[in-house]
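Trainee: Pasting a predicted model and its sequence here:
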Amino acid sequence: MPVHLAAFGLVPRTVNGLAGIVTMPFLHGGWHHLLRNTVPLCLLLFLLAGSRARSDRIVMGLVLVGGTLLWLFGRGGRVHVGPAA
């Protein structure tokens, strides 16, 4: 990942890392990482599209809860980017 994009990653238990809670899911370490996350994302969106649920709220909730848990319990001193599939 280019160094300038890593600045938007999540760094656990740091004030600067708080912004990464929202930005981290949209960053990926490379094409391989991006492609490995495409299938689960498409499956999730397909399942949500067929339901009556508020898909936007569910996805945003997953992003916020997952990012917050990583910020609280993730390995410190490392920049985390994107969800691992």
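Mentor: Done, it's in.
Trainee: can I get the CA coordinates of the helix or strand that Leu41 is a member of in CSV?
Mentor: Element membership for Leu41, per DSSP states H and E: helix 31-49. C-alpha atoms of helix 31-49 as CSV (Å, rounded to 0.1, in the frame of the first residue of the first chain):
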residue,chain,number,x,y,z
TRP,A,31,-5.1,-5.8,-5.8
HIS,A,32,-5.0,-9.3,-4.2
HIS,A,33,-6.4,-8.0,-1.0
LEU,A,34,-9.1,-6.0,-2.9
LEU,A,35,-10.1,-9.0,-5.0
ARG,A,36,-10.3,-11.3,-2.0
ASN,A,37,-12.8,-9.0,-0.3
THR,A,38,-15.0,-8.5,-3.4
VAL,A,39,-16.7,-11.9,-3.2
PRO,A,40,-17.8,-11.6,0.4
LEU,A,41,-18.9,-8.0,-0.2
CYS,A,42,-21.0,-8.9,-3.2
LEU,A,43,-22.6,-11.8,-1.3
LEU,A,44,-23.5,-9.5,1.7
LEU,A,45,-25.0,-6.9,-0.6
PHE,A,46,-26.9,-9.5,-2.6
LEU,A,47,-28.4,-10.9,0.6
LEU,A,48,-29.2,-7.5,2.0
ALA,A,49,-30.8,-6.4,-1.3
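Trainee: Show me where this structure dips below the pLDDT cut-off.
Mentor: The chain contains residues with pLDDT under 70 at 1-3, 83-85.
Trainee: how about a cut-off of 80?
Mentor: For the chain, applying pLDDT under 80 flags the ranges 1-6, 82-85.
Trainee: Closest to the geometric centre of it, which residue is that? Let me know.
Mentor: For the chain, Pro25 is the residue whose C-alpha lies nearest the centre (CA atoms, centre = their mean; 2.2 Å).
Trainee: helices and strands around the helix holding Leu41, which ones?
Mentor: Helices and strands touching helix 31-49, by 3 or more CB pairs under 8 Å, 6 or more residues apart in numbering; DSSP states H and E, are helix 55-73. Where you see a C-beta, it was placed from the backbone N, CA and C, and this is true even at glycine.
Trainee: hmm, who's touching the helix it packs on?
Mentor: 10, 12-13, 17-18, 20-22, 24-25, 44-45, 48-49, 80, 83 (CB atoms under 8 Å, 6 or more residues apart in numbering).
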